[in-house]
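Student: Here's my sequence, what's the structure:
(2 chains)
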Protein chains: 2
Amino acid sequence: MNASPAAGTASAAPPLAIIAGAGRLPAEIAAAAAGRGEGVSILPLKGFADADFSGFAQYPVNLIDPKGVLRELERAGAGRVILAGAVHRPGLGMVRTGIQAVRHLEEIRNVLEGGDDNLLRGVIVFLEKHGYAVVGVRDVAPALMAPEGPLGHLSPSAAELDSIAIGRRALAAMGPSDIGQGVVVAQKRVLAVEAAEGTDNMIRRVVALRRRGLLGRLLRHGRPPVAEMAGGVLVKAAKPSQDFRADLPGIGPRTVRLARRAGLAGIAIEAGNVLILEREATIAAADATGLFLVGVR
Amino acid sequence: MNASPAAGTASAAPPLAIIAGAGRLPAEIAAAAAGRGEGVSILPLKGFADADFSGFAQYPVNLIDPKGVLRELERAGAGRVILAGAVHRPGLGMVRTGIQAVRHLEEIRNVLEGGDDNLLRGVIVFLEKHGYAVVGVRDVAPALMAPEGPLGHLSPSAAELDSIAIGRRALAAMGPSDIGQGVVVAQKRVLAVEAAEGTDNMIRRVVALRRRGLLGRLLRHGRPPVAEMAGGVLVKAAKPSQDFRADLPGIGPRTVRLARRAGLAGIAIEAGNVLILEREATIAAADATGLFLVGVR
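Tutor: Numbers count the residues shown, from 1 in each chain, chains lettered A, B, ... in the order given. Now for the predicted structure:
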């Protein structure tokens, strides 16, 4: 039933099941893990999973039917499980379609109040209680994580390396407070810090700040060279408390486009700890828009 | 020429000049300082100052005419200077009205690029170079700063005191990176961190986060008690590197109204280090909307 183990680096480990939400990540993981010789099957989450999983055994499941998930994991013969892809919190309308869910509204509310991380951590605890080892992308598809060094044609300048260092120090300091995975640093100043709003919204804030500011006005009226006036770096890293199985810092082509709109010069991501979604498209977008994209230790 | 020194706690110190931007703060400082026996005169910044300074000697000045400012300070007989009130960065249109400014556009750009703090720090250095002592609100009108303890009718609960402690720890950790003066903490999670966008914009972000989230949806459809579901605290404190003469963390009635819109339970401000604008109106707004407002050490 599973994709046949290819000649690869893995693995006498028990077969891997990917519980798959929206986006291409679950399919990227499936391909990378199968390429390493993993036995892989997919449990697409109904209403969320939307990638092409052809070539893999599939066992569709419902997010709000935990017993059904356990049943399908057993059918798949899985010993290890990875959760991947977007699962936006269900709206009440959707929750209401599950009778069990409505009965336990109180419980669901408790889980959801803690944020998406807690939701996923709850699922992890549930799966582990039933004997499954829950793993992360770093474990089964390390090739999807950022390598060290420049990924595209451009590299950060000395001044941009300073900004990256400032950003990394700020992120390290905030780690114990479990805050964010990203900052934007420009001209040695931290312009924005990511907390619950997410990386994309943080970058959009910088777009707005720059539009409002004198910087933007000078750019429109005074027309100094853009390279001289703009700039700044998005820095992303893992939190020290990061549970990589539940919450993985990542970037993708959209991150690059937003960074460009914010006038940034580039993006620095922690090597080994930040996922690059759609790697080829992400690097191509960086090169096309003149941004550097660098993995840093 | 100066307001006559009343019987007060101050001051054999040289007369105080307030270089006044927009808003009521310069007038509040003038009244508080005069009440302590300070000799006070006002240098209203043309195009910015909009409060009522009647009762004080006034010497209007232009933000972009440094020589004029020095001349009026001398006329006022000032020995100490305080900068107060909003001075939004001048748009290019305004800068162009000063011939000198246009000639030194390069210089101005360098100052403005560093953020408003740097703009003000540049003014401070300029004034000190010409023999003036630049002071802050804490020095001449300490009564305007937050006292310790509850300011209105309400006090934080034990859980809210926990959130305040989490917020203060986060702010302390970020201090060395010179980031922000505010965070929003709800259910033990830091929802938002203030950087260049300012406190008001940070609170607006929490308003938006809560609208989008399931939390908001449950509130509208499920109707659990608001007190159970909402909550959270705005925490404001000074940065360790804070130059209180250039940049003063503050709250006012608008902060309270925004905090209410964000569903927060209250506001905690660092006693002695955070300014309360329009104190009576601020406390009245907190009481009217059911928020606590507390000064913390």
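Student: hey, where'd the strands end up in chain A?
Tutor: For chain A, the strands defined by DSSP state E cover A:16-20, A:40-44, A:57-58, A:80-84, A:133-135, A:149-150, A:182-186, A:189-193, A:233-236, A:250-251, A:266-270, A:275-276, A:292-296.
Student: Partner strands of the fifth one, with direction?
Tutor: Pointing back at strand A:133-135 there. Strand A:133-135 pairs in its sheet with strand A:80-84 (parallel), by DSSP bridges.
Student: returning to that earlier point: of all the strands of chain A, which lies closest to residue B:29?
Tutor: Residue B:29 lies closest to strand A:189-193 among these, at 27.8 Å (CB to CB). Backbone N, C-alpha and C define where each C-beta goes, glycine included.
Student: Tell me where chain A has helices.
Tutor: A:25-35, A:66-76, A:92-95, A:99-103, A:105-113, A:116-129, A:137-140, A:158-174, A:199-212, A:214-217, A:226-229, A:253-261, A:279-289 (DSSP state H).
Student: residues making contact with the second one?
Tutor: Read that as helix A:66-76. Among residues not part of helix A:66-76, those counted as contacts by CB atoms under 8 Å, 6 or more residues apart in numbering or on different chains are A:1-2, A:15, A:17, A:19, A:41, A:43, A:57, A:59-62, A:81, A:126-127, A:130, A:132.
Student: burial of the closest residue to residue A:264 other than its chain neighbours, as a residue count?
Tutor: Of all residues not flanking residue A:264 in the chain, residue A:232 sits nearest, at 4.7 Å (CB to CB, 6 or more residues apart in numbering or on different chains). Residues lying near residue A:232 (other CB atoms under 10 Å in any protein chain shown) number 22.
Student: check contacts around residue A:232.
Tutor: Contacts of residue A:232 (CB under 8 Å, 6+ apart): A:163, A:184, A:185, A:186, A:187, A:191, A:206, A:262, A:263, A:264, A:265.
Student: switch the cut-off to 7 Å
Tutor: A:163, A:184, A:185, A:186, A:191, A:263, A:264, A:265 (CB atoms under 7 Å, 6 or more residues apart in numbering or on different chains).
Student: Let me know the closest of the residues you listed to chain B.
Tutor: If you rank the contacts of residue A:232 by distance to chain B using CB to the nearest CB, residue A:191 comes first, at 4.4 Å.
Student: pretty sure that closest one contacts residue B:194?
Tutor: No. Applying CB atoms under 7 Å, one finds residue A:191 not in contact with residue B:194, separated by 11.2 Å.
Student: Neighbour count: these two, which is higher?
Tutor: residue B:194 (26 against 22).
Student: ok, the more buried one to chain A distance?
Tutor: As judged by CB to the nearest CB, to the nearest Å, residue B:194 and chain A stand 8 Å apart.
Student: Output the below-cut-off pLDDT ranges for the stretch 101-250 of chain A.
Tutor: A:101-120, A:212-230 (pLDDT under 70).
Student: again, 90 this time
Tutor: A:101-126, A:175-181, A:187-189, A:196-198, A:207-231, A:239-249 (pLDDT under 90).
Student: quick one: average confidence on stretch A:32-50?
Tutor: Confidence for stretch A:32-50, expressed as mean pLDDT, is 94.
Student: Which positions within it qualify as buried?
Tutor: Buried residues in stretch A:32-50, counted by 16 or more other CB atoms under 10 Å in any protein chain shown: A:32-45, A:47-50.
Student: ok, and of those residues, which contact chain B?
Tutor: By CB under 7 Å from any CB of the partner chain, no member of the buried residues of stretch A:32-50 lies near chain B.
Student: So for the most centrally placed residue in chain A, what's the nearest residue that isn't a sequence neighbour?
Tutor: For chain A, residue A:250 is the residue whose C-alpha lies nearest the centre (CA atoms, centre = their mean; 3.4 Å). Leaving aside its chain neighbours, residue A:250 sits nearest to residue A:275 (3.7 Å; criterion: CB to CB, 6+ apart).
Student: what about that neighbour, how many residues close to it?
Tutor: 24.
Student: The one 5 residues further on now?
Tutor: When neighbours are defined as other CB under 10 Å, residue A:280 has 9 of them.
Student: how near is it to chain B?
Tutor: 32 Å.
Student: likewise residue A:126?
Tutor: Noted for residue A:126: a distance of 19 Å to chain B, by CB to the nearest CB.
Student: count of residues packed around residue A:28?
Tutor: 22.
Student: Find me the pLDDT at it, would you?
Tutor: pLDDT recorded at residue A:28 is 95.
Student: follow-up on the earlier one: OK, contacts around the residue nearest to the centre of chain A?
Tutor: Listed by CB under 7 Å, 6+ apart, the contact partners of residue A:250 are A:274, A:275, A:277.
Student: hang on, the earlier thing: for the strands of chain A, which one sits closest to residue B:241?
Tutor: strand A:189-193 (12.3 Å).
Student: list the helices and strands that closest one packs on?
Tutor: strand A:182-186, helix A:199-212 (3 or more CB pairs under 7 Å, 6 or more residues apart in numbering or on different chains; DSSP states H and E).
Student: and if we set it to 10 Å?
Tutor: Strand A:189-193 sits against helix A:158-174, strand A:182-186, helix A:199-212, helix B:158-174, strand B:189-193, with contacts defined as 3 or more CB pairs under 10 Å, 6 or more residues apart in numbering or on different chains; DSSP states H and E.
Student: between it and helix A:158-174, how many degrees?
Tutor: Going by axes from the mean of the first three to the mean of the last three CA atoms, to 10 degrees, strand A:189-193 is angled at 50 degrees with respect to helix A:158-174.
Student: In its sheet, which strands sit next to strand A:189-193, and in what direction?
Tutor: Strand A:189-193 pairs in its sheet with strand A:182-186 (antiparallel), by DSSP bridges.
Student: what is the orientation angle of the strand it pairs with with helix A:199-212?
Tutor: Using the same axes, to 10 degrees: strand A:182-186 against helix A:199-212 is 20 degrees.
Student: how about strand A:182-186 as CSV, C-alpha atoms only?
Tutor: Extracted C-alpha coordinates of strand A:182-186, given in CSV (Å, rounded to 0.1, in the frame of the first residue of the first chain):
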residue,chain,number,x,y,z
GLY,A,182,10.5,37.1,12.8
VAL,A,183,11.7,40.7,12.9
VAL,A,184,12.3,43.4,10.3
VAL,A,185,15.5,45.4,10.8
ALA,A,186,16.4,48.5,8.7
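Student: give me every residue that touches the closest residue to residue A:29 other than its chain neighbours.
Tutor: For residue A:29, ignoring the flanking residues on the chain, the nearest one in space by CB to CB, 6+ apart is residue A:141 at 4.7 Å. Residues in contact with residue A:141 (CB atoms under 10 Å, 6 or more residues apart in numbering or on different chains) are A:16, A:18, A:25, A:28-36, A:38, A:82, A:84, A:135, A:275.
Student: hang on, the earlier thing: let's have the contacts of residue A:250 in TSV, adding pLDDT.
Tutor: Shown next, in TSV, are the contacts of residue A:250 (pLDDT from 0 to 100):
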residue	pLDDT
A:274	94
A:275	93
A:277	91
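Student: Report the separation between the residue nearest to the centre of chain A and chain B.
Tutor: Look at residue A:250 and chain B: by CB to the nearest CB, they are 20 Å apart.
Student: Distance of that residue relative to residue A:164?
Tutor: 18 Å (CB to CB, to the nearest Å).
Student: do stretch A:288-297 and chain B meet?
Tutor: No. Stretch A:288-297 does not reach chain B (CB under 10 Å from any CB of the partner chain); its nearest approach is 17.0 Å.
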